[in-house]
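1. My questions are about this predicted structure, shown below with the sequence.
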Amino acid sequence: LSSPTFSEEHTQFLEAKGLDWIEDANATPAEKLIEFSGRICYLSFGKGRQAPGSNSDYIRKLITHGHDSVLEHVSWSFLLAGVTRSFTHQLVRHRIGFSFSQLSQQYHEESDAQFLPPPGLEDDPVLFQRWQEAVDRLGSVYRDLLDSTSGVSGMPDREALRLRRSIARSVLPNATETAVVITANARALRHFLDVRGSVLGDVEMRIVSHALLSRLRPEAPAAFADFVVDTMSDGWPLVRKTDRGIRDEP
Ligand SMILES: Cc1cc2nc3c(=O)[nH]c(=O)nc-3n(C[C@H](O)[C@H](O)[C@H](O)COP(=O)(O)OP(=O)(O)OC[C@H]3O[C@@H](n4cnc5c(N)ncnc54)[C@H](O)[C@@H]3O)c2cc1C
């Protein structure tokens, strides 16, 4: 949805200080912003002040030295659509460096909501059928509860509608499709991918982690260079840091 940019205005600041940054022509705007922000700490711009090395070497050094607060200066916004409420319930537990705007079940009627089967369930037609029947029934109860006028007499229409939706949504399952816009910085995203990308039994989380990493890598390859993608025996991807094993329990 939206990516970091890096304006050329920094040159005015550096010129005024008599500094001449040797920029890496291969760096992306996000990577330039990270490097610039890191170098500001010591005004380490220019010959004699910049240790030899590329932008990616510099960012790797920031990360390995634990100076990864510098990665907080670059952030991205994503629309995550076609995800379930169970996924977003876990997602919004991430408190630091994340912002969320999610489809409301109080202000938005969910009569037409889709229910998304857990990845792989369709491979078992009998279980899938039982799952389908269960969510169809819940969808039908949702609509009945929404249509009911019980308990709302005397309320302004707007509040009555909100109450009916609140009552009705209580039966919506975790499988209910939702959409959420997230904005997160590189440090927070790295932490998210680290703790969430390789939980073997959490396939939807792994799929989203993989999708996020696929979008992030071209944006700031150096900031995500220590993540690898594996395809597991279940056929779904897994994202993990190279220094981290696969998580099979918390
Ligand atoms: C495999 C797995 C199983 C889980 N199971 C459960 C479960 O059964 N029940 C459950 O409730 N949750 C569960 N969670 C969620 C987990 O407890 C965290 O709430 C969630 O992963 C967010 O992680 P976080 O706090 O590291 O991230 P963020 O909230 O984004 O925080 C990032 C980092 O900031 C620092 N930080 C944030 N807040 C504080 C603070 N208050 N004090 C000090 N440092 C802070 C920490 O270093 C933290 O790692 C599970 C998560 C995983 C990955």
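-> Good, I have the coordinates. Numbering: from 1, shown residues only.
2. I'd like the mean pLDDT over the longest helix along the chain, please.
-> Longest helix in the chain, counting residues (DSSP state H): helix 125-147. Mean pLDDT, helix 125-147: 97.
3. Can you give me the buried ones in that helix?
-> Buried residues in helix 125-147, defined by neighbour count with 16 or more other C-beta atoms under 10 Å: 131, 135, 139, 142, 145, 146. Every C-beta, even on glycine, is put in place using the N, C-alpha and C of the backbone.
4. Now do the second one against the ligand, distance only.
-> The reference is to residue 135. According to C-beta to the nearest ligand atom, to the nearest Å, residue 135 stands 24 Å off from the ligand.
5. contacting residues around the closest residue to that residue other than its chain neighbours?
-> Nearest residue to residue 135 in three dimensions, chain neighbours excluded: residue 115, at 3.9 Å (C-beta to C-beta, 6 or more residues apart in numbering). By C-beta atoms under 8 Å, 6 or more residues apart in numbering, the residues touching residue 115 are 135, 138, 139, 173, 175, 176, 177.
6. Work out for me the element the fourth one sits within.
-> Secondary structure assigned from DSSP states H and E places residue 173 in neither a helix nor a strand.
7. Now the phi/psi pair for the closest residue to residue 228 other than its chain neighbours, please.
-> In this structure, residue 228 finds its nearest non-sequential neighbour in residue 242, 5.7 Å apart by C-beta to C-beta, 6+ apart. Residue 242 adopts backbone torsions of phi -60, psi -30, taken as degrees, to the nearest 10.
8. Can you give me the pLDDT of residue 242?
-> Note for residue 242: predicted pLDDT of 90.
9. isn't it right up against residue 227?
-> Yes. Counting by C-beta atoms under 8 Å, residue 242 touches residue 227, with 7.3 Å between them.
10. So between these two, which is more surrounded?
-> residue 227 (21 against 8; other C-beta atoms under 10 Å).
11. isn't that one right next to residue 243, touching?
-> No. Between residue 227 and residue 243 there is no contact under C-beta under 8 Å: 10.4 Å.
12. how about the residues of the protein that lie near the ligand?
-> Proximity of the chain to the ligand is confined to 93, 94, 95, 96, 188, 191, 195, 196, 199, 247, 250 under the rule C-beta under 6 Å from any ligand atom.
13. for the second one, what are its contacts?
-> Spelled out, it's residue 94. Counting by C-beta under 8 Å, 6+ apart, residue 94 touches 184, 188, 191, 192.
14. Of all pairs in those, which one is the farthest apart?
-> 184 and 191 (9.4 Å; C-beta to C-beta).
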